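In: sequence isn't available, so here's the structure alone:
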């Protein structure tokens, strides 16, 4: 095999482990005889068209290991979604630099970019191997058991709810937290893994896979509050009504029509706020608090699943092996082979590109506000080792003296 | 010494380590000869007036250790602020149950409750030893170097900003995060400890100890963005103008007067949202994101400073020692004796009760938007061991080919 230059880039939202994949590519490529140079593009595809490259061949293995354990996208990322013309530009730069292997770490959009660049190279008769490396906290790539980045974000969400449940038990009321995931509810559903005792929250989970009906929501909250004296709710940012219209838009309108003045401005986070206002106004509960986990759920440093870190590293390594030893382009996919064990396959780019996976019906309880044991069994091993646990005092009541 | 019953309760907002103090009281009291029974009141002072007690003497040491390592208030908490009549009721219940020692773990308000109950007992000639055990993530108790709960919350904030900075570096723009602390800026200032490299965020920190001027804020953000191509901002929820009026109220009004329709409803968290809208409208930066850390900063499970956990345990233990071997009521206070070492004193309740500590001028940079090295040196040892660290790729640019 002739000497080759490889190029690696990172696209879309950063995750806790995306640098593991980057370093997996670099360190595995270093072991390969034919690899002469390993370039990284700064800020994804934008860095490619701008020829903004760094020479990763010159980085030490030791520092690469430290970068691997650092969240965020070390090369920088981009939200650019290349069209055909943009992809042609990418290809022209790769050809000008004599790049023989192109690795792009990202989600749906990134896999589609890789697919188009692969076709451009093929049309031009230029020998370029293109591999997509999966990454997304939304867990919405098809062909994958799960995607790197999701387990660590899920761990953050589970830990956040485990803590919020304890806080809510100490100072009872209603707590509503909004979790990322516009179309797929996996991350919101991960809140269920923060639950230990039968009366722990989250008591209610609202996913974008089910239509959201505000009256049912309010009735659910009321019933839970009457049963437990408190209520912890997990809500996906993507909840929508039967017509597909996002609840945020709908509730915002309602509140405006209420002429309640500035109710929209209180609390923390628009959707969380609006749901809290609805509960206060229509269920009549006083202590109602809302949080929006925001960027913390994908960027918090110090909350990583070791399983996720290991797999993110491996998809990078396998990408290089598929590229150097294989004979076709594709997307690296994670397959579950045991409880718990994973292996990797190279699937056609067109099988993954531009498609969105959502939660299976088997993962969602019939009432639509909880997950099933199948989901718990699916997610638990991905959260990794050393999950913090919550303990309680056991009941040992003392007899009253003044008012027996 | 005659046999005694002790009562312990937890008040105010839960913290990551408040159960360490509870368990410190229980386990230390068990070693004391004269202690016959150890009761815990459910949900603070409310549980006392309702005679809602649990017998902690019947709990195993092993489970107590597990509860100690669990965040939240294991006995439950309350927001009740007892007046004189309420305190009299507390005293009557303590007398009816033959309680000889009363321990209340909490902040300013809790110390004032302990002070009044102590005076009631004294007036009635009833032998009751009353000890306040410090706790607050706001770090706003006077007489203390710092307060249990603050170091772990500060660690969460530092880790959150370390991660948010990496995310913002990967996808540049402006990021504004709102941190708890209405009067004292300690927790917001802790964001500075998430910074490693000179160009890391938070680039700007706004504390309630300084007046907030919106035009200066916008000019600061603009200048930072022009210098670094991005800007990470930490804002205390308590920022206010020169007259003391909270910025949230002010900005909400401005936005209403803007007649921009529903601008108030977008994003995550009212104050963060409003500041983001101001930046978008008046500085003209497109990618502006806001987060409000909300309850996560005090309830997230799995982010504890080991120094904080140790000290929270010790204030509980020392409280029992002061109560059983000493001859006066008081509040346990943390004193710094080395870098880093702490010891504990019993200070008069009236010295602590109802007073609020804010950040020293020596901790705030002259420009008002950063902390000093004195603050970094003050806070760093409190964050404990094993702080996650962030690493970067070193620059190794590759020459352009197409557009040299």
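Out: Received the coordinates, thanks. Note that the structure is predicted; figures quoted are calculated from it, not measured.
In: for the closest residue to chain B within the stretch 1-150 of chain A, grab the count of nearby residues.
Out: Relative to chain B, the nearest point of the stretch 1-150 of chain A is residue A:72 (2.9 Å; C-beta to the nearest C-beta). Backbone N, C-alpha and C define where each C-beta goes, glycine included. Residue A:72: 29 surrounding residues under other C-beta atoms under 10 Å in any protein chain shown.
In: for it, grab phi and psi.
Out: Residue A:72 has phi and psi values of phi 90, psi 170 when expressed as degrees, to the nearest 10.
In: who touches the spatially closest residue to it that is not a sequence neighbour in this structure?
Out: Leaving out its chain neighbours, the residue that sits closest to residue A:72 by C-beta to C-beta, 6 or more residues apart in numbering or on different chains is residue B:166, at 2.9 Å. Taking C-beta atoms under 8 Å, 6 or more residues apart in numbering or on different chains as the criterion, residue B:166 is in contact with A:14, A:70-72, A:299, A:301, B:390.
In: assumed residue B:166 was part of a helix.
Out: Yes - Residue B:166: assigned to a helix according to DSSP: H, G, I helix; E, B strand; the rest coil.
In: look up how far residue A:135 lies from residue A:352.
Out: As judged by C-beta to C-beta, to the nearest Å, residue A:352 and residue A:135 stand 12 Å apart.
In: look at the two and report which has more neighbours.
Out: More crowded of residue A:352 and residue A:135, by other C-beta under 10 Å: residue A:135, with 30 against 26.
In: which ones are touching the residue of the stretch 1-150 of chain A closest to chain B?
Out: For residue A:72, the contact set (C-beta under 8 Å, 6+ apart) comprises A:14, A:18-19, A:299, B:163, B:166-167, B:169-170, B:390.
In: show residues contacting stretch A:373-388.
Out: By C-beta under 8 Å, 6+ apart, stretch A:373-388 touches A:146, A:150-151, A:154-155, A:158-159, A:162, A:189-190, A:192-193, A:304-309, A:339-340, A:359, A:362-364, B:301-302.
In: quick check on these: which are buried?
Out: Those of the contacts of stretch A:373-388 that meet the buried threshold are A:146, A:150-151, A:154-155, A:158-159, A:162, A:189-190, A:192-193, A:304-305, A:307-309, A:359, A:363-364, B:301-302, by 16 or more other C-beta atoms under 10 Å in any protein chain shown.
In: next helix or strand past the least confident helix or strand in chain A by mean pLDDT?
Out: Least confident element among the helices and strands of chain A, by mean pLDDT, DSSP states H and E: helix A:247-258 (a mean of 61). Next helix or strand after helix A:247-258 toward the C-terminus (DSSP states H and E): helix A:270-282.
In: distance to residue A:373, pLDDT and secondary structure added to the contacts of residue B:166, as JSON lines?
Out: Converted to JSON lines, the contacts of residue B:166 look like this (distance: C-beta to C-beta, whole Å; pLDDT from 0 to 100; DSSP: H, G, I helix; E, B strand; the rest coil):
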{"residue": "A:14", "distance to residue A:373": "32", "pLDDT": "96", "secondary structure": "coil"}
{"residue": "A:70", "distance to residue A:373": "35", "pLDDT": "97", "secondary structure": "coil"}
{"residue": "A:71", "distance to residue A:373": "31", "pLDDT": "97", "secondary structure": "coil"}
{"residue": "A:72", "distance to residue A:373": "35", "pLDDT": "96", "secondary structure": "coil"}
{"residue": "A:299", "distance to residue A:373": "31", "pLDDT": "89", "secondary structure": "helix"}
{"residue": "A:301", "distance to residue A:373": "32", "pLDDT": "95", "secondary structure": "coil"}
{"residue": "B:390", "distance to residue A:373": "38", "pLDDT": "97", "secondary structure": "coil"}
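In: residue A:221 belongs to a helix, doesn't it?
Out: Yes - secondary structure of residue A:221 (three-state DSSP): part of a helix.
In: pretty sure it is touching residue A:204, no?
Out: Yes - between residue A:221 and residue A:204 there is a contact under C-beta atoms under 8 Å: 6.8 Å.
In: what touches both of those two?
Out: Listed as contacting both residue A:221 and residue A:204 by C-beta under 8 Å, 6+ apart are A:231, A:233.
In: mind giving me the domain ranges of chain A?
Out: When chain A is parsed with automatic domain parsing, its domains come out as A:4-137+A:304-352, A:150-301+A:361-383.
In: so which of the ones you listed comes closest to residue B:91?
Out: Nearest to residue B:91, of all the domains of chain A, is domain A:150-301+A:361-383, at 24.4 Å by C-beta to C-beta.
In: how about low-confidence regions in the stretch 151-300 of chain A?
Out: Residue ranges of the stretch 151-300 of chain A with pLDDT under 70: A:253-268.
In: give me the residue from it nearest chain B.
Out: In the stretch 151-300 of chain A, no residue comes nearer to chain B than residue A:166, which is 2.9 Å away by C-beta to the nearest C-beta.
In: which of the three states applies to the residue of chain A most remote from its centre?
Out: In chain A, the greatest distance from the average C-alpha position (C-alpha atoms, centre = their mean) is reached by residue A:402, at 54.8 Å. Secondary structure, three-state DSSP: residue A:402 is coil.
In: how are the strands of the stretch 201-350 of chain A distributed by residue range?
Out: For the stretch 201-350 of chain A, the strands defined by DSSP state E, counting those that start in this stretch occupy A:204-206, A:231-236, A:288-292, A:330-338, A:341-347.
In: do the same with the stretch 51-200 of chain A
Out: Here the stretch 51-200 of chain A has its strands, by DSSP E, counting those that start in this stretch, at A:53-55, A:99-106, A:129-134, A:174-179.
In: export those strands to JSON lines and tack on mean neighbour count and distance to chain B?
Out: Formatted as JSON lines, these follow (neighbours: other C-beta atoms under 10 Å in any protein chain shown; distance: least, C-beta to the nearest C-beta, whole Å):
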{"stretch": "strand A:53-55", "mean neighbour count": "21", "distance to chain B": "4"}
{"stretch": "strand A:99-106", "mean neighbour count": "27", "distance to chain B": "11"}
{"stretch": "strand A:129-134", "mean neighbour count": "28", "distance to chain B": "16"}
{"stretch": "strand A:174-179", "mean neighbour count": "29", "distance to chain B": "7"}
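In: between those, which one is nearest to residue A:142?
Out: strand A:129-134 (10.3 Å).
In: measure how that closest one sits relative to strand A:330-338, angle-wise.
Out: Interaxial angle, strand A:129-134 versus strand A:330-338 (axes from the mean of the first three to the mean of the last three C-alpha atoms, to 10 degrees): 50 degrees.
In: sheet partners, orientation included, of strand A:129-134?
Out: Within its sheet, and counting by DSSP bridges, strand A:129-134 is paired with strand A:99-106 (parallel), strand A:330-338 (parallel).
In: contacts only, for residue A:34.
Out: By C-beta under 8 Å, 6+ apart, the residues touching residue A:34 are A:1-4, A:324.
In: surely residue A:350 touches residue A:118?
Out: No - the criterion here is C-beta under 8 Å, and residue A:350 misses it with residue A:118 at 9.7 Å.
In: compare the two and say which is more crowded by neighbours.
Out: Taking neighbours as other C-beta under 10 Å, residue A:350 and residue A:118 compare with residue A:118 leading, 23 against 15.
In: check contacts around that one.
Out: So residue A:118 contacts A:128, A:130, A:329, A:349 (C-beta under 8 Å, 6+ apart).
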